[in-house]
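S.K.: Got a predicted model here, sequence first, then my questions.
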Amino acid sequence: MLDSWQDTDADHGRITTRTCAVIADLDLIPHQEKWPGLQAIARVDSEVYHKATGQKSSMTRYFITTLAPEAKVIGMAARAHWSIENGLHWQLDISYREDASRKRKDHAAVNFSTLTKMTLTMLKRDTSTKVGIKSKRLKAGWDNDYLLKILGL
């Protein structure tokens, strides 16, 4: 069974068309037992037209999923995942300037990224101060009591 779904949206000077195709016939997949609950394989094609430059770009992503083999449901789930991921990346870049990081040696970049995500989570959980993440980071650096509170100590 093959199911497909297409969605188009226009924002931020771009027109994006996403097409999700899902196949539920998994007979040709070897070692299915390694993926308990596997229901479908999906392909999501994205084509982006940049209005200002007239340039087009495209990307194809593949997914295995335990969701029912419905292209609309899987396509929307894939889009929701990327919007969450993009939001997290934006927050890390704004609050921690992660994109400007020069950490390249060994596992430094991955280790530091893990730490920044952990601290971001801790700072977001704090509701005692009505300021942004950058300000909370500064406050934690200046106020040991606040730092200990954020760390849960």
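M.R.: Arrived safely, thanks for sending.
S.K.: Pull the contacting residues for S135.
M.R.: Neighbour list for S135: T129 [criterion: Cβ atoms under 8 Å, 6 or more residues apart in numbering]. (C-beta placed from N, C-alpha, C; glycine too.)
S.K.: can you confirm it is in a helix?
M.R.: Yes. Under DSSP: H, G, I helix; E, B strand; the rest coil, S135 falls within a helix.
S.K.: Which single helix of the chain contains the most residues?
M.R.: helix 71-96 (DSSP state H).
S.K.: Run through the neighbouring helices and strands of that helix.
M.R.: Under the contact definition 3 or more Cβ pairs under 8 Å, 6 or more residues apart in numbering; DSSP states H and E, helix 71-96 sits against strand 2-11, strand 14-23, strand 40-50, strand 56-65, helix 108-125, helix 133-142.
S.K.: Hey, what's the angle from that helix to strand 40-50? Just curious.
M.R.: Here helix 71-96 runs at an angle of 60 degrees relative to strand 40-50 (axes from the mean of the first three to the mean of the last three Cα atoms, to 10 degrees).
S.K.: Please state the offset of helix 71-96 from the chain centre?
M.R.: Relative to the centre of its chain, helix 71-96 is centred 4 Å away, using Cα atoms, centre = their mean, to the nearest Å.
S.K.: what do you get for stretch 45-54?
M.R.: On the basis of Cα atoms, centre = their mean, stretch 45-54 sits 20 Å off its chain's mean C-alpha point.
S.K.: any idea of the mean pLDDT in that stretch?
M.R.: Mean pLDDT, stretch 45-54: 92.
S.K.: how about that stretch: buried residues?
M.R.: By neighbour count with 16 or more other Cβ atoms under 10 Å, stretch 45-54 contains the buried residues S46, Y49.
S.K.: Need the distance between the two termini of it.
M.R.: Using Cα to Cα, to the nearest Å, the end-to-end distance of stretch 45-54 comes to 19 Å.
S.K.: got a pLDDT number for D143?
M.R.: With respect to pLDDT, D143 scores 93.
S.K.: could you measure it against I23, distance?
M.R.: For D143, the distance to I23 equals 56 Å [Cβ to Cβ, to the nearest Å].
S.K.: Show me which of the two is the more surrounded one.
M.R.: I23 (17 against 13; other Cβ atoms under 10 Å).
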